[in-house]
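>>> Requesting a structural model of the entry that follows:
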Amino acid sequence: MHREVSLQILSSRRVCGIAIAMFSMALGACAYHPVHQTPLDEFVKRSQQVDAGGYNLQIGDVVTVKFYFNPELDFDVQVRPDGNISLSLIGDVAAAGTNTQTLSGTITTAYRTYLKQPNATVILKSASSHRVFVTGEVYMPGTFNLLGSETALSAVSLAGGLTDRASLKQVVLVRRLPDGSEPMVTVLDLKKALDGSDPRQDVKIAMNDVVYIPRTGSAESNVVLRNIIWGKAPFVGSANATWNGVIK
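Residues are numbered from 1 along each chain as shown. Below is the predicted model:
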């Protein structure tokens, strides 16, 4: 269940001027395009369903391959840009998009030609994509590594806290799901999380989330959000479409 976010159209000169200043890119004519806001309960539910599937290895992750009966073959290896890892004797093995348990089985099977008891185990040593992007009205916007327990409020703290122009009542959280579907967008009232009236607003952060802190009473700052979701903001990278509207 989605409900459409209310939209407001600014003059094309004003919108494009702000966007160029923020991201050094021309956006062209600004036209209406609907964006859907995911209610918080559904946002959390869908996120939990994804988490239940476990973590799939990504390009840049480093794994340790251990052999119980042949420790001399133990090896740390990084998942290459082509999604493979290289191991002695067997060469390239596809790793990106699979979990450590499945990869352990694949490597064990491949080594049976060379070893009597391969028994390979793959352990995730470091995850390259375990990060959060925080932008908007914070003192140090940027990319931050996650330890696994961060929430929306702690992500703001990682970015140096709020400027005096920030609004906590309409913090936007953008989450891209691994199935490649449309990003989920929800609006958080972190003011209620701080005063204890609604702690569920302080949701747990997932890897590659974008937390956007808007400016109090400013529609202009929402132009930035337009680019975060669908544009080519440099710290997002994976977006490839253009949404020409303003989330209000």
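>>> Would you mind measuring the gap between the ends of stretch 166-186?
18 Å (Cα to Cα, to the nearest Å).
>>> mean confidence for it?
Averaging pLDDT along stretch 166-186 gives 81.
>>> Okay, now the unreliable bits of the chain?
1-35, 49-54, 129, 148, 178-181, 217-248 (pLDDT under 70).
>>> could I have stretch 146-153 exported to PDB, CA atoms only?
Extracted in PDB, the C-alpha atoms of stretch 146-153 (Å, rounded to 0.1, in the frame of the first residue of the first chain):
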ATOM      1  CA  LEU A 146      28.100   1.100   9.600                       C
ATOM      2  CA  LEU A 147      28.700  -1.200  12.600                       C
ATOM      3  CA  GLY A 148      25.300  -2.800  12.200                       C
ATOM      4  CA  SER A 149      23.300  -1.200  15.000                       C
ATOM      5  CA  GLU A 150      22.900   2.400  13.800                       C
ATOM      6  CA  THR A 151      19.500   4.100  13.700                       C
ATOM      7  CA  ALA A 152      18.400   7.300  11.900                       C
ATOM      8  CA  LEU A 153      19.300   9.400  14.900                       C
END
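>>> Now do the buried residues in that stretch.
Buried residues in stretch 146-153, counted by 16 or more other Cβ atoms under 10 Å: 146, 150-153. The way it works is simple: take the backbone N, C-alpha and C, and place the C-beta from them, glycine included.
>>> What of stretch 166-174?
Result for stretch 166-174 [16+ other Cβ under 10 Å]: buried residues 166-168, 170-174.
>>> Identify the residues contacting that stretch?
Contacts with stretch 166-174, where a contact means Cβ atoms under 8 Å, 6 or more residues apart in numbering, come from 43, 136-138, 152, 156, 162, 183-191, 194, 203, 209-217, 225, 228-229, 247.
>>> What segments of this protein are strands?
Along the chain, the segments classed as strands by DSSP state E run 3-4, 36-37, 62-67, 75-78, 84-87, 91-94, 120-126, 131-136, 142-145, 171-175, 184-188, 209-213.
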